[in-house]
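Novice: Fold the following and give me the result.
(one chain, ligands or ions: 2)
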Amino acid sequence: MQLVTAAEMQKIDNYTIETIGMPQDVLIERAALAVVEVIGAGHFNLDHVLVLSGLGNNGADGVAIARLLYAQGINVSLQFVGNVARAKETVTRQLNIIENYGLVRAEKSDFNEATLIIDAIFGIGLNNILPEGLQKMIKAANHIEKTVIAVDVPTGIDATTGEVRGAALKAHTTVTFGYGKSGLNQHVGGYLSGNVIVKNIGLLTPPDFIFSCQIKDSAVAAV
Ligand SMILES: NC(=O)C1=CN([C@@H]2O[C@H](COP(=O)(O)OP(=O)(O)OC[C@H]3O[C@@H](n4cnc5c(N)ncnc54)[C@H](O)[C@@H]3O)[C@@H](O)[C@H]2O)[C@H](O)CC1
Ligand SMILES: [K+]
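Specialist: Ligands and ions are numbered 1, 2, ... in the order given. Next up, the predicted model:
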């Protein structure tokens, strides 16, 4: 199975959006639908789902996931991690939609009340050590051993190397888009990402694309 680095994934994203003409919001919707399919597969307690969203497109996926769960009548709360005023446009568009659906963002959440946490804080765009406050929050969340589904990459894991950037959420399951990421199979990333599920969300790969890493198919589940 081919694996990609963060930079390679970004190249495939850009090719799909810029050259093929696939709107970014369609990819976000398909990413969200892919995660909701895993959430609804019957292996998780959905009594109270807490979605943690960041300010980039990983966060946009999270807001879309919260909307889809809310529309199905699932008890879901959405909490932003970071200053929403600095969020990407893709996130604010999703936020406007979810507010029109009637879901109000939680200012603060008690992780203990959640039966499932959806990690949509950072994905392949993580490029530095996590802010101190977020590191503390992640360590506290890991300590209470809540079930976490990571969107694309567990927050804090470098998608290319698998190294931890200060702290990283321990995921029961990671739903990753397009291709397995090299950082989910090596270093601490290989351990913290849990069961890795690769989901097709309609990304197209440039015809001349060269993959930098391959692994034996048995190592990553594609659903
Ligand atoms: N692969 C696909 O086709 C799709 C991917 N999607 C999702 O998009 C994210 C990647 O989104 P991106 O905006 O590039 O980055 P992140 O959301 O991971 O990070 C947000 C933002 O945060 C900044 N940042 C990076 N490191 C730090 C740091 N240590 N401290 C503070 N801020 C930081 C940086 O500017 C980032 O841009 C991918 O994982 C998928 O979930 C699409 O939604 C669907 C298609
Ligand atoms: K994530």
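
Novice: The closest residue to residue 20 other than its chain neighbours: neighbouring residues, count only.
Specialist: Take residue 20 and drop its neighbours on the chain: the residue closest to it by CB to CB, 6 or more residues apart in numbering is residue 204, 5.2 Å away. Any C-beta I mention is one placed from the backbone N, CA and C, and that applies to glycine too. Applying other CB atoms under 10 Å, we find 13 residues neighbouring residue 204.

Novice: who are the neighbours in contact with the residue nearest the centre of the chain?
Specialist: With distances taken as CA atoms, centre = their mean, the chain has residue 151 as the residue nearest its mean C-alpha position (1.8 Å). Taking CB atoms under 8 Å, 6 or more residues apart in numbering as the definition of contact, the neighbours of residue 151 are 31, 35, 58, 61-62, 65, 118-120, 123, 175.

Novice: Residue 8 now?
Specialist: So, once contact is read as CB under 8 Å, 6+ apart, residue 8 ends up touching 209, 211-212.

Novice: residues of the helix or strand in which residue 7 is found that come out buried?
Specialist: If you go by DSSP states H and E, residue 7 is part of helix 6-14. Applying a neighbour-count criterion of 16 or more other CB atoms under 10 Å, one finds 6, 8-9, 12-13 buried in helix 6-14.

Novice: want to try TSV for those residues, with pLDDT and distance to residue 142 as columns?
Specialist: Below are the buried residues of helix 6-14 laid out as TSV (pLDDT from 0 to 100; distance: CB to CB, whole Å):
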residue	pLDDT	distance to residue 142
6	97	23
8	97	29
9	97	25
12	97	31
13	97	29
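
Novice: overlap between these and the residues near ligand 1?
Specialist: Checked against ligand 1 using CB under 6 Å from any ligand atom, these give the following subset in range: 9, 13.

Novice: can you list the residues that contact stretch 40-53?
Specialist: Under the contact criterion CB under 8 Å, 6+ apart, stretch 40-53 has outside partners 39, 59-60, 62-63, 65-66, 69, 72, 74-81, 91, 109, 111, 113-121, 147, 149, 155.
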